[in-house]
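*Asks:* model the structure of this input:
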Amino acid sequence: MSSKISRREFLKTSALGLGALSLGATGRQARAQSASVRCGVVTSLSGENRFGGNLTRRGYDLWAEEINRQGGIEIGGKRYPVEMFYGDAQSNPASGASAAERLIIQDEVNVIFGPYTSGVTLAVQPICNKYRVPMISGSAESPKVWLDQPPFNFGMIPAVDLSAGKSVRVIKDAVSPTPASIGVVGVDEPFSNDTAIGFRDGAEEAGLEVTGFELFPAKADLTPIVTKLKSQNPDIVAVGGHEEVLINFVKTAKSLGFRPKALIMHYGITAPAFADQLGADADGVLGISLWTPGLPYRDSLFGSASDYDELSHARWGSHPDYTEAACSASGLVLQDAAERLGEAPPWDQAAREGLASAIEATDIETFYGPVAFETSGDHFHNNTRPVPVVVQITQGRVVPVAPANAAEGDIVYPLPDWS
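*Replies:* Model (predicted):
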């Protein structure tokens with residue numbers, strides 16, 4: 001990728017929301033003359049998953065801002081600016097699919113940056129297949145996304161079945177006294193139930209007794225679920241869910257006076273909203289991260305992992321988590337593939353298919369880590385290279401605590417009683 005040059009005025013993006021207008025021949029001619037790379041973002045800007053959805057937007061937007069400061073994506077010795085268009089999935093798969101279709105038909109985007117949740121991603125995926133538009137998914141983690149071997153979708157984060165189970169073994173090996181049992185619960189939707197299953201299977205492989213396993217609706221009353229866990233009294237409790245459910249789980253556990261020796265979740269605790277809303281009650285909760293600012297990765301646009309962390313914090317006022325980082329790295333994948341494609345925008349269907357082939361052949365290192373997509377098997381088009389790190393909330397901060405070669409602090413185990 002090209003080195004940084006002097007900064008230029010950032011190309012203004014379109015307004016928040018769908019903002020889609022049908023364009024006639026005159027509009028299309030103007031687009032052809034402007035020759036920009038038109039990127040559609042489908043994510044949950046409203047609804048129950050809005051916190052994570054807006055983090056994905058931050059990640060995509062930060063890349064767009066930085067590449068436009070260089071004048072755009074370099075293709076064949078010339079730079080082409082990036083334009084961003086947004087579709088609000090409203091935390092609903094059907095709305096996400098409709099938003100993607102509008103972006104493709106009305107805004108004539110060349111590529112889609114994918115949704116926050118796996119459920120919405122699974123709904124958008126057939127739209128991209130239908131119109132043969134590549135999608136780079138910076139967030140989806142359910143293995144179900146990759147089972148059908150989607151030809152136009154590419155995932156930046158390893159599927160949760162590759163990360164959740166490993167985390168249980170990491171915790172067991174890192175703490176003393178050694179835990180003997182675990183209770184596992186999760187929301188009954190694609191990412192969350194796959195996370196719960198991963199926790200359960202990993203616990204069994206690690207030799208832990210699984211005292212209970214339960215899936216529940218997203219809007220379920222958590223009181224009976226936590227009460228049952230309290231009666232089982234496992235050493236570890238593992239929860240599969242997105243941030244709103246995870247926040248409510250901690251609140252419910254405190255209200256019932258239930259404090260296991262360890263509480264692990266997956267994505268959600270690294271989102272700023274988790275610690276912001278829970279305050280001191282967030283401390284001690286364990287999670288899984290696929291990226292931290294201390295990792296030894298770098299690229300020519302963002303610099304090092306710590307450089308990216310500082311840039312994002314300066315731009316948005318909070319430190320990025322691994323999903324935000326993966327979304328920014330999605331842009332790096334696009335620019336690398338576009339440079340190798342070597343064809344100036346606007347791109348027709350044949351060029352978009354060529355772009356998808358170029359993305360499939362990606363093999364780069366970024367500030368986020370290595371990126372290369374599987375080309376066969378159950379994780380087809382999933383970037384499986386990043387290695388999971390167990391993190392723990394400490395005084396509102398996300399601190400890597402295991403394994404030892406990635407730790408920046410000591411793991412707190414067992415957790416103290418609620419204050």
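
*Asks:* only C-alpha atoms for contact and neighbour calcs from this point on.
*Replies:* Fine.

*Asks:* and the gap between the residue lying closest to P134 once chain neighbours are set aside and V42?
*Replies:* Of all residues not flanking P134 in the chain, F152 sits nearest, at 4.6 Å (C-alpha to C-alpha, 6 or more residues apart in numbering). Here F152 is placed at a distance of 15 Å from V42 (C-alpha to C-alpha, to the nearest Å).

*Asks:* sorry, back to before: from R69, how far out is the residue nearest to P134?
*Replies:* Distance, F152 to R69, using C-alpha to C-alpha: 28 Å.

*Asks:* more crowded one of those two?
*Replies:* Taking neighbours as other C-alpha atoms under 10 Å, F152 and R69 compare with F152 leading, 27 against 18.

*Asks:* packing partners for whichever helix or strand Y86 is part of?
*Replies:* Y86 belongs to strand 82-88 when elements are defined using DSSP states H and E. In terms of contacts (3 or more C-alpha pairs under 8 Å, 6 or more residues apart in numbering; DSSP states H and E), strand 82-88 is packed against strand 37-43, helix 50-69, helix 93-105.

*Asks:* how does this structure divide up, domain by domain?
*Replies:* For the chain, automatic domain parsing gives the domain ranges 25-160+321-372, 164-265+269-292+388-406.

*Asks:* residue contacts, the most centrally placed residue in the chain?
*Replies:* Nearest to the geometric centre of the chain sits S139, at 2.6 Å (C-alpha atoms, centre = their mean). For S139, the contacting residues are 56, 114-118, 155-157, 323, 326-327, by C-alpha atoms under 8 Å, 6 or more residues apart in numbering.

*Asks:* so which of those residues sit within strands?
*Replies:* The subset of those located in strands under the criterion DSSP state E comprises G155.

*Asks:* ranking by neighbours, what's the top pick from the contacts of S139?
*Replies:* Neighbour counts for those (other C-alpha under 10 Å) peak at P115, which has 35 neighbours.

*Asks:* which one of the helices and strands packed on strand 82-88 lies nearest to E83?
*Replies:* Checking the helices and strands packed on strand 82-88 against E83 by C-alpha to C-alpha gives strand 37-43 as the closest, at 4.9 Å.

*Asks:* buried sites along stretch 218-228?
*Replies:* Residues of stretch 218-228 classed as buried by neighbour count (16 or more other C-alpha atoms under 10 Å): 218, 222-223, 225-227.

*Asks:* closest to Y297 out of these?
*Replies:* Distances from Y297 to the buried residues of stretch 218-228, taken by C-alpha to C-alpha, are shortest for A218, at 36.5 Å.

*Asks:* so what's the nearest residue in space to that closest one that is not next to it in sequence up against?
*Replies:* In space, and not counting its chain neighbours, A218 is closest to V187: 5.5 Å by C-alpha to C-alpha, 6+ apart. Listed by C-alpha under 8 Å, 6+ apart, the contact set of V187 reads 193, 215-218, 240-241.

*Asks:* now do V187 against A356, distance only.
*Replies:* From V187 over to A356 the distance is 33 Å, taken as C-alpha to C-alpha.

*Asks:* again, but for N233
*Replies:* Distance, N233 to A356, using C-alpha to C-alpha: 50 Å.

*Asks:* so for these two, which sits in the more crowded spot?
*Replies:* Using other C-alpha under 10 Å as the criterion, N233 and A356 rank with A356 on top: 25 against 18.

*Asks:* can you get me a residue count around the residue nearest to the more buried one when sequence neighbours are not counted?
*Replies:* Leaving aside its sequence neighbours, A356 sits nearest to P134 (C-alpha to C-alpha, 6+ apart; 5.5 Å). By the measure other C-alpha under 10 Å, the count of residues near P134 is 26.

*Asks:* JSON lines for the contacts of S139, including distance to A372 and pLDDT?
*Replies:* Below are these laid out as JSON lines (distance: C-alpha to C-alpha, whole Å; pLDDT from 0 to 100):
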{"residue": "T56", "distance to A372": "20", "pLDDT": "96"}
{"residue": "G114", "distance to A372": "17", "pLDDT": "97"}
{"residue": "P115", "distance to A372": "20", "pLDDT": "97"}
{"residue": "Y116", "distance to A372": "20", "pLDDT": "94"}
{"residue": "T117", "distance to A372": "21", "pLDDT": "92"}
{"residue": "S118", "distance to A372": "20", "pLDDT": "91"}
{"residue": "G155", "distance to A372": "10", "pLDDT": "98"}
{"residue": "M156", "distance to A372": "9", "pLDDT": "98"}
{"residue": "I157", "distance to A372": "11", "pLDDT": "96"}
{"residue": "T323", "distance to A372": "17", "pLDDT": "94"}
{"residue": "A326", "distance to A372": "13", "pLDDT": "98"}
{"residue": "C327", "distance to A372": "15", "pLDDT": "98"}
